[in-house]
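K.L.:
Everything below, folded, please.
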Amino acid sequence: IIRKTEGLCPNCRKFVPAFAVEEGGSVYLDKECPLHGRSRSLIARRAPVYRDLLDFYARLESRFPRRAAEIESCAFTTTLRCNLSCAICFAADGQREAPPEPSPDELTGMLAPVRGRGIMVRLTGGEPTLREDLPELVARVKESGNHAVLVSNAVRLADADYLALLRRRGLWGIAPWMDAADDEAVYLRMRRRPFVAQRRELLANARRLGLKLFVFFVCVKGFNDHEIGRILSLGRDHPNLVKVILMPYLHRGARGFSAGEEYALDEFWEAVGAVLGYSLDDLVVLFQVFLAVRALRGRYTCFNSPFLLVPRSLRRKDGFDPDRYREVLSRFRGLMEESPAAARRYFLRAFGADLLRRGFGPPLLRRLLFPRREMAECYVPPGYVWLQFQHLFHPPNYDRELIGKYCCYFSLNPGLEKRVSFCEYYYLKLKT
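P.N.:
Residues are numbered from 1 along each chain as shown. Predicted coordinates for the structure are as follows:
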């Protein structure tokens, strides 16, 4: 047994005792529900990777305590209606409880705690463009002093005039999904209609209008993983691309794939690392570097959603060097045992010097002078793009302890008596 936590029964979604256990070199989450019996889910193929990352989180948290929870990014569910019936939709299992659609005034009220913070407010669904008052919702986010990003299947955004209207009302960025760069067969299977030409036109219009771009890539094991490199290469031709969000498929009894086409946590990391020229161990080193950067400020990120900066060239020699940072992290770990203050100084000197060599000086200065003008992720040199892995917690792998400790993605929606994580909202409140 590695650790005890609480999980969800995949049948009734009641909290039950759960244990992360190592067996045969892999990590599983074992649960037992009084009504539905035992269940087991694969978490990580390689137990040493899971253990090492878990240990690093624990060491950081014991030396650099978390600050009071701050909302750094939030999601607002505009509607649960949709105009597609996708084979991979995690909200497609027919158990949803659709709440009333919130009004613009309700959105304004819920944004009060983050007014003037300059954070990303994601307008999600369902499909937000089915709301006829979406331009007004966008305007309310802008008026709150934050950045409206539309998470959309982008069917309606093919209308350039409509996209321009949203831009005029204050839309800051769009976050469409792209399952392939140019393989129409992928879209026909995953989305049940062709999308390649529409996506090309959408990206061109977004760039012309000055919209920031966040791309969601849902990867089905053995089906569209050949597109990983092509999706990451979008950064070369689209300077407005801020981040690629890499999401492995999660099977929720949806409409076209199976549980056998899911990735374990580290399996997906390894598949993406291979495209970047990194081994899994290399990638975990870089995860730890960017985790440490946040932890030194008393902030943490979701255990299942690590991130890093990569060069738009996708050439390993242009990126952060994992071999160098193995030495830095080894020294950092040693100093944490002796003096957290000394460890902080050492790491910031080493990381800061590397940033300056890579041209981060001017954007960091802009960040100091104009902290609310852009989102924090935008203060990087033009040669880099963010990669965010987003392996959602859902009933099979739901880990209440890890979500409670490290989640920094919150949902703001009517009927919530408290701020809750995105995963908690979708799988416990909406029963998706």
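K.L.:
Now for Thr78: which residues touch it?
P.N.:
101-102, 123-126, 128, 131, 134, 137 (CB atoms under 8 Å, 6 or more residues apart in numbering). In short, each C-beta sits where N, CA and C put it, glycine included.
K.L.:
let's go with 6 Å and repeat that
P.N.:
123, 125, 128, 131 (CB atoms under 6 Å, 6 or more residues apart in numbering).
K.L.:
need the helices for the stretch 101-250 of the chain, in chain order.
P.N.:
104-110, 134-143, 160-168, 184-190, 196-208, 228-232, 234-237 (DSSP state H, counting those that start in this stretch).
K.L.:
Ok, which of these comes nearest His251?
P.N.:
Closest approach to His251 among those is made by helix 184-190 (13.3 Å; CB to CB).
K.L.:
Against Glu424, how distant is the residue in the chain sticking out farthest from the centre?
P.N.:
Ranking residues of the chain by C-alpha distance from their mean position (CA atoms, centre = their mean) puts Glu338 at the top, at 34.0 Å. Glu338 sits 38 Å away from Glu424, going by CB to CB, to the nearest Å.
K.L.:
chain center to the helix or strand harbouring Ser62, what's the gap?
P.N.:
Using DSSP states H and E, Ser62 maps to helix 47-63. Averaging C-alpha positions (CA atoms, centre = their mean, to the nearest Å) puts helix 47-63 20 Å from its chain's average.
K.L.:
9 is where my numbering starts, stick with that
P.N.:
Let's use 9 as the start, then, which means that last one is helix 55-71.
K.L.:
Would you quantify the distance from the residue nearest to Phe64 when sequence neighbours are not counted to Val57?
P.N.:
Leaving aside its sequence neighbours, Phe64 sits nearest to Gln296 (CB to CB, 6 or more residues apart in numbering; 5.4 Å). Distance check for Gln296 against Val57: by CB to CB, it reads 11 Å.
K.L.:
From Pro121, how far off is the residue nearest to Arg125 when sequence neighbours are not counted?
P.N.:
Of all residues not flanking Arg125 in the chain, Asn154 sits nearest, at 6.1 Å (CB to CB, 6+ apart). Asn154 sits 11 Å away from Pro121, taking CB to CB as the criterion.
K.L.:
Which of these two has more residues huddled nearby?
P.N.:
Asn154 (25 against 13; other CB atoms under 10 Å).
K.L.:
what's the spacing between the more buried one and Ala147?
P.N.:
12 Å.
K.L.:
related to what we said a few turns ago, higher neighbour count, Gln296 and Val57?
P.N.:
In terms of neighbours (other CB under 10 Å), Gln296 is the more surrounded of Gln296 and Val57; the figures are 25 against 20.
K.L.:
which SS class is that one?
P.N.:
Secondary structure, DSSP: H, G, I helix; E, B strand; the rest coil: Gln296 is helix.
K.L.:
Can you report how many residues lie near the nearest residue to Arg123 once chain neighbours are set aside?
P.N.:
Distances taken as CB to CB, 6+ apart put Ser152 closest to Arg123, at 5.2 Å, once the chain neighbours are dropped. Counted with other CB under 10 Å, the neighbours of Ser152 add up to 22.
K.L.:
Same check on Leu173?
P.N.:
So Leu173, with other CB under 10 Å, has 14 neighbours.
K.L.:
what's the answer for the one 10 residues further on, then?
P.N.:
Here the number of neighbours of Ala183 (other CB under 10 Å) works out to 21.
K.L.:
And Leu142, how far from Leu356?
P.N.:
Distance from Leu142 to Leu356, by CB to CB: 42 Å.
K.L.:
what's the spacing between the residue nearest to Arg123 and Val122?
P.N.:
Using CB to CB, one obtains 7 Å as the distance from Ser152 to Val122.
K.L.:
So what touches stretch 214-227?
P.N.:
Counting by CB under 6 Å, 6+ apart, 96, 175, 180-183, 185-187, 233, 239, 248-257 sit against stretch 214-227.
K.L.:
Show me which residues of it are buried.
P.N.:
The neighbour-count check on stretch 214-227 (16 or more other CB atoms under 10 Å) flags 214, 217, 219-227 as buried.
K.L.:
Ok, stretch 344-356 next?
P.N.:
Neighbour-count burial for stretch 344-356 [16+ other CB under 10 Å]: 344, 351-352, 354-355.
K.L.:
next one: stretch 316-334
P.N.:
316-320, 322, 327-328, 330, 333.
K.L.:
out of those residues, what pair is the most spread apart?
P.N.:
That would be Arg320 and Tyr333, which, of these, are the farthest apart (CB to CB) at 20.4 Å.
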